[in-house]
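>>> attaching a predicted model along with its sequence, questions to come.
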Amino acid sequence: MIVAGEKMAHNSRFRHRISAFDGRAWPIAAALALAGPAGLAAAAIGAGQDAQPGAGPAGLSAVDPAQIMLWRRLAASGNAEAQYRLGDALRRGTGVAADAAEAERQFRAAAAQGHGPAGDELGLLLFATGRHHEAMDWLGRAAERGDPRARYIYATALFNGDYVARDWGRAYALMALAARDGLPAAQTSLAQMDRYIPADQRAAALRGAGLTGARPVPKSAPAPATARPSTATPRPAAPARPAPAQPAPAPPSPAPVPGTAPAAKAGGRYIVQLGAYAGRALAEAQWQIFTRRFPELASLKPVIGSAGALTRLRTGPFADRAAAERLCTRVTAARLPCLVLRD
């Protein structure tokens with residue numbers, strides 16, 4: 001699976017966590033983590049948000065209370081731009097006390113009138129609060145509109161086949177566009193994807209995204225032996241053949257592995273990611289909050305590791321995916337981040 005910077009496996013796939021809003025500690029349950037025995041460094045589809053230059057309306061770093069009052073009046077009268085700006089101020093807590101529920105209401109009202117940026121922020125907010133299925137439609141539109149944060153999350157979902165149908169070509173194209181736009185987590189995740197998606201598919205995806213010359217694709221670089229788990233079920237060994245009377249020719253090179261999703265590692269275990277935060281101390285403090293609110297976590301140990309500029313918080317293993325999903329259902333209902341991954 002992919003998570004923003006590292007992926008954990010769902011059939012050895014990527015899974016991501018995204019940190020793409022502003023500098024506030026908004027948990028985002030999107031994390032790109034490549035699957036595999038060790039899993040890859042989780043990029044942000046985690047949960048604390050690092051600063052995203054240019055996200056949201058310009059000038060919101062110092063909003064005058066009078067401006068907030070004006071936006072409220074205009075928003076109440078149905079002005080979509082005012083609804084959007086008020087929603088973003090409420091989300092950020094800029095010039096007004098932060099209120100995620102009211103921010104969502106304002107974003108919805110503006111988006112219903114066709115305000116594109118409001119729809120983008122609504123999708124990101126829905127994803128951040130665990131409503132992944134509902135978020136995907138908005139995030140897909142935001143990705144098409146060019147929001148690098150949405151492209152990162154949506155690309156991760158497409159790669160993993162989570163919430164949307166799996167499409168590695170489109171996933172790679174969107175991740176490449178997000179990387180081109182300077183999203184560090186996307187740049188890391190794109191490098192991870194290179195190890196899983198065949199070169200011809202990557203090249204086609206880049207051409208489709210208009211990035212033919214932006215990221216050269218090796219013509220025939222063989223994948224490392226450990227980079228791509230086997231996609232086929234084990235087959236019985238072929239029966240031994242009698243030795244030939246004359247020297248046998250050198251065996252042919254192995255056939256290339258088809259470009260399908262790597263199969264899940266036999267006996268793989270499920271874990272959950274409970275966000276990504278701005279430092280180990282914050283992740284440890286968040287773990288204490290989780291264990292107090294969800295006593296079943298007390299018997300587990302936190303796994304805290306670096307994910308680029310963030311520190312991810314994971315725990316497990318669980319007996320099966322269903323057990324991990326039951327926990328995540330409770331956690332996301334409390335508006336906290338939780339994402340099921342394969343270890």
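Great, that's in hand. Numbers count the residues shown, from 1 in each chain.

>>> name the residues of stretch 185-194 that are buried.
Burial within stretch 185-194, assessed by neighbour count using 16 or more other Cβ atoms under 10 Å, is assigned to 185-190, 192-194. Using the backbone N, CA and C atoms, a C-beta is placed for each residue, glycine as well.

>>> for stretch 333-343, same thing?
336-343.

>>> got it, and stretch 319-330?
By neighbour count on 16+ other Cβ under 10 Å, the buried set for stretch 319-330 is 323-324, 327-328.

>>> average pLDDT for that stretch?
On average, the pLDDT along stretch 319-330 is 91.

>>> what of stretch 276-292?
80.

>>> ok, back up a step: including pLDDT and secondary structure, could the buried residues of stretch 185-194 go into CSV?
Converted to CSV, the buried residues of stretch 185-194 look like this (pLDDT from 0 to 100; DSSP: H, G, I helix; E, B strand; the rest coil):
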residue, pLDDT, secondary structure
Ala185, 83, helix
Ala186, 85, helix
Gln187, 83, helix
Thr188, 83, helix
Ser189, 86, helix
Leu190, 86, helix
Gln192, 85, helix
Met193, 90, helix
Asp194, 88, coil
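
>>> picking that back up, and of the buried residues of stretch 333-343, the nearest to Leu297?
Nearest to Leu297, judged by Cβ to Cβ, of those is Cys338 at 10.7 Å.

>>> mind listing residues that contact stretch 294-304?
For stretch 294-304, contacts defined as Cβ atoms under 8 Å, 6 or more residues apart in numbering pick out 271, 280, 283-284, 287, 290-291, 311-316, 327, 330-331.

>>> closest one to Ala111 out of the residues you listed, please.
Closest approach to Ala111 among the contacts of stretch 294-304 (Cβ to Cβ): Val331, at 26.6 Å.

>>> contacting residues around the closest one?
130, 272, 274, 290, 294, 337-338.

>>> now do 7 Å
Counting by Cβ atoms under 7 Å, 6 or more residues apart in numbering, Val331 makes contact with 294, 338.

>>> which SSE is immediately downstream of the one helix or strand it maps to?
Take DSSP states H and E as the rule and Val331 turns out to sit in helix 321-333. In the C-terminal direction, the helix or strand that comes right after helix 321-333 (DSSP H and E) is strand 339-342.

>>> just checking, Ala109 touches Gln83?
Yes: using Cβ atoms under 7 Å, Ala109 is in contact with Gln83, at 4.8 Å.

>>> give me the more crowded residue out of the two.
Per other Cβ atoms under 10 Å, whichever of Ala109 and Gln83 has more neighbours is Gln83, with 27 against 22.

>>> where's the more buried one relative to Glu102, distance?
Distance, Gln83 to Glu102, by Cβ to Cβ, to the nearest Å: 11 Å.
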